[in-house]
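Trainee: My questions concern the predicted model and sequence given below.
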Amino acid sequence: MTLVKPRDVQVLPIGADTTILRSRTWEKLKFEIEYALGRGTTANSFLIQSDKTALIDPPGESFTEIFLAALTQRSYLDKLDYVILGHVNPNRGVTLKALLELAPQITFVCSNPGAIALRAALPDHELNILVMRGEETLDLGKGHHLQFIPTPSPRWPDSLCTYDPQTEILYTDKLFGAHICADQVFDEGWTTFNEDRRYYYDCLMAPHARQVETALDKLSEFQARLYATGHGPLVRYALIPLTQGYRQWNQQQQSQDMKVALIYASAYGNTATLAQALARGITKAGVGVESINSEVAEPAEIQEAVEKSAGFIIGSPTLGGHAPTPIQTALGIVLSTAAKTKLAGVFGSYGWSGEAIDLLEGKLRDAGYQFGFDPIRVKFKPTDVTLKYCEEAGTDFAQALKKAKKARTPRQQTSESQTDRTEQAVGRIVGSLCIVTTKQGDLTGAMLASWVSQATFNPPGLTVAVAKDRAIESLMYQGGQFVLNILAQGQHLGLMKHFLKPFGPAEDRFAGVATQEAENGCPILNDALAYVECSVRNRMECGDHWLIYAVVENGKLLQANGVTAVHQRKSGSHY
């Protein structure tokens, strides 16, 4: 039986007059794609106690009770003057409401969109609000003369960063974070966090790369020695390489030659969560995403994104049996702007009926658009399985766009070149035919693999190359478990054909295949020659693949006299 640590609040000084309050859980906090690695999280809040006292970014309702208890126990509420909000959402509103009841004297500090969201979240309260548009400052005394930097994005149109010149701390809210829970406050040994920070970027920032780049330009004007992030360890030691990493990843996203316009509105955050999972799947496949929140975007912005896109996807909640007005406006722009050759997609969440999704599907179908996936309808909050389905649907959508582009590109007849000869030579590198299988909770995955090699004797280890757009890739992170099923020569064709066929999003890869459960919980193929149970230790990004290094923890030969099936290729440009 696994014992789960209770949630707690870690309180420590991090600078002059400055304290961090880390609300922590080792559990998976939410069903959102950015939490999929299941490594827990911290919701970081900060307290500056000078002549005036300011609390920065109180956590959401998952931590309301323990967070307020920590504030009360230390008498922090008695002289609390300001609550600075990097963003406002209904989840955080629960904590703010409880905070107001204990400290009614507080003044909220936020962006103008944040003020609108705050009043909507707390409609029954008289609120004191200071709106920061980027030029105003807040003097707490003793040199803590706070400056504010609006950093809006489609997901967080009210995003606001805060800089304290006295401590040279930059409070970055969502930027530069990671969902990790540990005792470590700062990022000593920062390379161990690279995978988590990159995953966090890919899930949350990649769909907004253009806005993230603008935010980085603004933040570069401030001399920061520390990024006080909203989640995960604070960035001190990796400040320069992580900033450079964000620049590089932004460039990769913005340089994609194909983009998808992902347009949505979200009443309670559920449709936005689905949009994030779809975007993750699209970007995995090497296609860019232009994410557009129709509630704050100008019509001209929507029109431009649709015109430049190779395809578009629209998502909507259902409110009172209808699509909200911003989505209806966006739909009108799409219908009048997008060529009928562009691939379309529809998704949304609802409480009872889901008419908005039917409306979008019907209008687009009647207009003659082809769909890249079946309309996605999610009742109430999404689950892990739902988000995996959305991710795979996004990848399929992107692959369909790439396939269509390839079909339109005329083939050039050329004589054999050095490139051709090189590809032929590389193709002579052979590998054993294997099936990689994995299971995490309710999620399963499998893929045919031939780029497999033993890598170490002690500990016994191997490497597997996994294409970035493979569905199984998101289940192959550090700490993940899988089984490598090695196929037998002369008996491999049935399994090979089964796992080579295209699977729909979230389709059961093991239907009709005889399996048993390994000690690590992953499927063993009964007809394999042998199997080894593996634990992922490291990943390395290599062009269009991830190279996974794993340690072998168990294994068994199932056919003593069998010979390993080998994949013979003629070209190094494809499998």
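Mentor: Everything's here; your move. Numbering: from 1, shown residues only.
Trainee: tally of neighbours for the residue nearest to E168 when sequence neighbours are not counted?
Mentor: What sits nearest to E168 in space, not counting adjacent residues and going by CB to CB, 6 or more residues apart in numbering, is R225, at 4.3 Å. Heads up, the C-betas are built off the backbone N, CA and C, glycines and all. If you count neighbours by other CB atoms under 10 Å, R225 ends up with 11.
Trainee: For M447, grab phi and psi.
Mentor: phi -160, psi 150 (degrees, to the nearest 10).
Trainee: Return the residues in contact with it.
Mentor: When contacts are counted by CB atoms under 8 Å, 6 or more residues apart in numbering, M447 is found next to I435, V436, V466, R470, A471, I472, F499.
Trainee: Helix, strand, or coil at the residue lying closest to the fifth one once chain neighbours are set aside?
Mentor: I take that to be A471. Using CB to CB, 6+ apart and skipping residues adjacent in sequence, the residue nearest A471 is E392, 5.0 Å away. Secondary structure state of E392, per DSSP: H, G, I helix; E, B strand; the rest coil, is helix.
Trainee: mind listing the helices for this protein?
Mentor: 64-73, 90-102, 112-121, 194-200, 209-219, 239-254, 270-284, 299-308, 325-337, 355-366, 384-408, 418-427, 493-500 (DSSP state H).
Trainee: closest to C181 out of the ones you listed?
Mentor: In terms of CB to CB, the element of the helices of the chain nearest to C181 is helix 194-200, at 10.7 Å.
Trainee: same for that closest one, what does it pack against?
Mentor: Contacts defined by 3 or more CB pairs under 8 Å, 6 or more residues apart in numbering; DSSP states H and E place helix 194-200 against helix 239-254.
Trainee: thought K308 was touching K259?
Mentor: Yes. Counting by CB atoms under 8 Å, K308 does reach K259; the two are 6.4 Å apart.
Trainee: Need the residues touching each of these two.
Mentor: Between them, K308 and K259 share the contacting residues E290, judged by CB under 8 Å, 6+ apart.
Trainee: who has more neighbours, those two?
Mentor: Taking neighbours as other CB under 10 Å, K308 and K259 compare with K259 leading, 20 against 12.
Trainee: and the more buried one, what does it touch?
Mentor: Contacts of K259 by CB under 8 Å, 6+ apart are V287, G288, V289, E290, A305, K308, S309, A310.
Trainee: let's go with 10 Å and repeat that
Mentor: 253, 282, 287-290, 305, 308-312, 401 (CB atoms under 10 Å, 6 or more residues apart in numbering).
Trainee: Please pick the buried ones from those.
Mentor: When the contacts of K259 are checked for burial by 16 or more other CB atoms under 10 Å, the buried set is Q253, I282, V287, G288, V289, E290, A305, S309, A310, G311, F312, L401.
Trainee: closest to D442 among those residues?
Mentor: Relative to D442, the closest of the buried ones among the contacts of K259 is I282; by CB to CB it sits at 23.1 Å.
Trainee: Model confidence at the closest one, what's the number?
Mentor: On the pLDDT scale, I282 is placed at 97.
Trainee: so it touches V260, yeah?
Mentor: Yes. If you go by CB atoms under 10 Å, I282 and V260 touch, sitting 5.4 Å apart.
Trainee: Show the model's pLDDT score for the nearest residue to K259 once chain neighbours are set aside.
Mentor: Leaving aside its chain neighbours, K259 sits nearest to G288 (4.0 Å; criterion: CB to CB, 6+ apart). In this model, G288 is scored at 96, pLDDT.
Trainee: pLDDT weak spots in the stretch 251-400 of the chain?
Mentor: The stretch 251-400 of the chain contains no residues with pLDDT under 70.
Trainee: which parts of stretch 360-374 are buried?
Mentor: By 16+ other CB under 10 Å, the buried positions in stretch 360-374 come out as L360, E361, K363, L364, Y369, F371, G372, F373.
Trainee: Out of these, flag the one nearest to K30.
Mentor: Nearest to K30 among these, counting by CB to CB, is F373 at 23.9 Å.
Trainee: Please report how far the closest one lies from A275.
Mentor: In this structure, F373 and A275 are 14 Å apart, going by CB to CB, to the nearest Å.
Trainee: Who are the contact partners of Q454?
Mentor: Contacts for Q454 (CB under 10 Å, 6+ apart) come out as S432, P460, G461, L462, T463, V552.
Trainee: Show me which of those are buried.
Mentor: Looks like the contacts of Q454 have S432, G461, L462, T463, V552 buried, using 16+ other CB under 10 Å.
Trainee: Farthest-apart pair in these, please.
Mentor: Farthest pair in these, by CB to CB: S432 and G461, 15.6 Å.
Trainee: tell me the domain boundaries of this structure?
Mentor: Structural domains assigned to the chain are 8-253, 256-404, 427-567, following automatic domain parsing.
Trainee: Student question: in the chain, what's the helix or strand with minimum average pLDDT?
Mentor: In the chain, the helix or strand scored least confidently by mean pLDDT, DSSP states H and E is helix 418-427, which has a mean of 84.
Trainee: Tell me which residues of that helix come out buried.
Mentor: For helix 418-427, burial by neighbour count (16+ other CB under 10 Å) applies to E423, G427.
Trainee: So what touches that helix?
Mentor: T414, E416, S417, Q568, R569, K570, S571, G572, S573, H574, Y575.
Trainee: Considering the residues you listed, which is situated nearest to K97?
Mentor: Of all the contacts of helix 418-427, K97 sits closest to Y575, with 55.3 Å by CB to CB.
Trainee: Please name the residues that touch the closest one.
Mentor: G427, G431, L448, A449, S450, W451, A467, L500, H567, R569.
Trainee: Now intersect these with the strands, please.
Mentor: G431, L448, A449, A467, H567 (DSSP state E).
Trainee: Adding pLDDT and distance to I327, write these out as a markdown table.
Mentor: Formatted as a markdown table, the ones in strands among the contacts of Y575 follow (pLDDT from 0 to 100; distance: CB to CB, whole Å):
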| residue | pLDDT | distance to I327 |
| --- | --- | --- |
| G431 | 90 | 48 |
| L448 | 97 | 40 |
| A449 | 96 | 42 |
| A467 | 96 | 34 |
| H567 | 90 | 48 |
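Trainee: among those, who's most crowded?
Mentor: That'd be A449 among the ones in strands among the contacts of Y575, by other CB under 10 Å, with 24 neighbours.
Trainee: What score does the closest residue in space to F510 that isn't next to it in sequence have for pLDDT?
Mentor: Nearest-residue entry for F510: P523, 6.0 Å, with adjacent residues in sequence omitted and distances by CB to CB, 6+ apart. What the model reports for P523 is a pLDDT of 97.
Trainee: what about P523, how many neighbours?
Mentor: When neighbours are counted by other CB under 10 Å, P523 registers 24.
Trainee: Enumerate the beta-bridge partners assigned to it.
Mentor: Per DSSP bridges, the residues bridged to P523 are E517.
Trainee: That one is in contact with T515, isn't it?
Mentor: Yes. Counting by CB under 10 Å, P523 touches T515, with 4.2 Å between them.
Trainee: got any residues that touch both of those two?
Mentor: With CB under 10 Å, 6+ apart, P523 and T515 have common neighbours T437, T444, A446, V483, N485.
Trainee: how far away is the first one from L448?
Mentor: When distances are taken as CB to CB, T437 and L448 turn out to be 11 Å apart.
Trainee: Pull up the overlap in contacts between the two.
Mentor: Common neighbours of T437 and L448 (CB under 10 Å, 6+ apart) are F499.
Trainee: Low-confidence ranges, this protein, go.
Mentor: 1-4, 411-416, 418-419.
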